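Okay, predicted coordinates and the sequence, questions at the end:
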Amino acid sequence: MPKPIHINLFIQSRGHHETAWDHPGADPRSLMDISYYVDLAKQAEAAKLDSIFFADVLMMTNDAMESGRFWPDPVIMLAAIAMETEHVGLVATGSCTYSEPYNLARQFASIDHISGGRAAWNIVTTWVEAVAANYGREHTAHGDRYEMGEEFVAAVKDLWDSWADDALVDDRSGGGVSGDLSRITPIDFKGEYYQVKGPLNVPRSPQGRPVLVQAGASDRGRDFAALHAEAIFTAHLEKETAQEFYRDIKKRAADFGRNADQVVVLPGLNPVIGGTEAEAKANLMELNARMDPEVGRRTLSQRFAGHDFSHLDLDQPLKVSDFPDPEGLETMKSRAALIVRIVDKEGLTLRELLARFAGGRGHYTTAGTPEQIADLIQDWCDPDADGFNYMPPVIPALMNPFMDEVVPLLKKRGLFRTEYEGTTLRENLGLDRPKSRFFPD
Ligand SMILES: Cc1cc2nc3c(=O)[nH]c(=O)nc-3n(C[C@H](O)[C@H](O)[C@H](O)COP(=O)(O)O)c2cc1C
């Protein structure tokens, strides 16, 4: 029996390609229309995907207008989607740099209750420097963000654990009580950055704790992910680095004393599908031809902490020296390193690099038939991936072939579920339900 594959649908704008929002094959509904997101979640559920996911950045990004990069608050969307779905997991980003543990713990526990155990938190240590100005703060250095993150996550876990599973009593007899205070505890969390008395004002949720998702990829980020995450999103431009990442994360998790099977690693996959290989490649070329290199230049600049690429000729091969050293950046070190690596390896021109980036912002982009994409998924997952974070290029035109053809092929090959294994996201991902730290009985 092959190991089960997990697939998450990463929903962003009208697709991940930077030109998706006004593509003729894109959904005409407003990006503020919740029915658009609800219908996507229902489609993911009909295909039996594990989960849907909304990323988040706490500012208007510098490509927001040209690329349609704006959406309602992800956690609020999850609440609405929870009411219209039954099985699909619900993942949203929450920042531990610009939130408070109490707020966040309460929000995600609430989504877990509302959805009957389908919530997951994508833990981010916000990398975009300009966000700081929306909070009257200075940008926090990379290492410090992870230190804050460690405390933040510890406090959130404690808050989720502050109620025993049986603390809710709801005894309505005369003089009865709604809860058993002996089964609810303050957490008295005292850290350098956060002090939280507790307990949470929401009972323990169906999954005990919502699933923890993370996407750290620098050395520090990998340790953070290996220590805390139960599902890991990761971006790679090549199979080689994705497989190296997988083995490294599983090893780090084991070194921390965790069962490595309790960490599900999902690399990003941005496939452009066509009926034939030639059609798929033509679809990808057509998408890239719509791209505005100047928008790409700005996005690239944001990835490299505002570095100026404006003087570079679009059609000259790039050199490593055209980029700042990723290690010296206080933004997203890992993605920057992937970009520099591919430039070094393939000698791309700036135009070619921007085209590669326009599809999946550094995630694996490829073109092929449904069979070729199913082969690729099978190949990567045997053995060094647990599934994929699927990133449709254009919704619905270039997403439907994945849902209607690739997923059924995976099912036919016995690689993907035909029915949900359980009722909670943990059950579907094969993750244990954690015990409360304070009430382990
Ligand atoms: C699929 C995926 C989704 C991500 N979503 C977000 C997000 O919504 N908001 C955010 O600030 N960072 C997001 N990130 C960035 C990561 O949280 C992390 O900051 C990044 O991988 C850099 O980690 P590093 O600094 O350890 O290299 C995402 C990364 C990946 C791979």
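Yep, it's here.

What are the buried residues along stretch 238-256?
241-243, 245-246, 249-250, 252-253 (16 or more other C-beta atoms under 10 Å). C-beta coordinates here come from the backbone N, C-alpha and C atoms, glycine included.

Up against the ligand, what does the protein have?
When proximity is defined as C-beta under 6 Å from any ligand atom, the chain approaches the ligand at 55-57, 93, 124-127, 142, 215-218, 221, 233-235, 268, 332-334, 389.

of the residues you listed, buried ones?
Buried, going by 16+ other C-beta under 10 Å: 55, 57, 93, 124-127, 142, 215-218, 221, 233-235, 268, 332-334, 389, out of the residues of the chain next to the ligand.

can you pull out the strands in the stretch 251-400 of the chain?
Assigned by DSSP state E, counting those that start in this stretch, the stretch 251-400 of the chain shows strands spanning 264-273, 364-368, 387-390.

try the stretch 101-250 of the chain
119-124, 189-190, 195-196, 211-214, 231-234.

for the ones you listed, which one ends up most surrounded?
strand 231-234 (a mean of 28; mean count of other C-beta atoms under 10 Å).

Tell me which other helices or strands it touches.
Here strand 231-234 touches strand 6-10, strand 211-214, helix 239-255, strand 264-273, going by 3 or more C-beta pairs under 8 Å, 6 or more residues apart in numbering; DSSP states H and E.

Report the closest residue of this structure relative to the ligand.
Nearest residue of the chain to the ligand: Gly221, at 2.1 Å (C-beta to the nearest ligand atom).

excluding its backbone neighbours, what's nearest that residue?
Leaving out its chain neighbours, the residue that sits closest to Gly221 by C-beta to C-beta, 6 or more residues apart in numbering is Ser334, at 6.4 Å.

how far away is that neighbour from Glu346?
19 Å (C-beta to C-beta, to the nearest Å).

hang on, His228 packs against Ile123?
Yes: between His228 and Ile123 there is a contact under C-beta atoms under 8 Å: 6.9 Å.

sorry, back to before: contact partners for the residue nearest to Gly221?
Residues in contact with Ser334 (C-beta atoms under 8 Å, 6 or more residues apart in numbering) are 216-218, 221, 235, 326.

Just the ones in helices from the residues you listed, please.
Gly221 (DSSP state H).

okay if I get the contacts of Ser334 as JSON lines plus pLDDT?
Below are the contacts of Ser334 laid out as JSON lines (pLDDT from 0 to 100):
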{"residue": "Gly216", "pLDDT": "87"}
{"residue": "Ala217", "pLDDT": "89"}
{"residue": "Ser218", "pLDDT": "91"}
{"residue": "Gly221", "pLDDT": "95"}
{"residue": "Ala235", "pLDDT": "95"}
{"residue": "Pro326", "pLDDT": "93"}
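
Pipe the contacts of Ser334 into a markdown table and attach distance to Asp171 per row.
Converted to a markdown table, those look like this (distance: C-beta to C-beta, whole Å):
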| residue | distance to Asp171 |
| --- | --- |
| Gly216 | 45 |
| Ala217 | 49 |
| Ser218 | 51 |
| Gly221 | 47 |
| Ala235 | 51 |
| Pro326 | 59 |
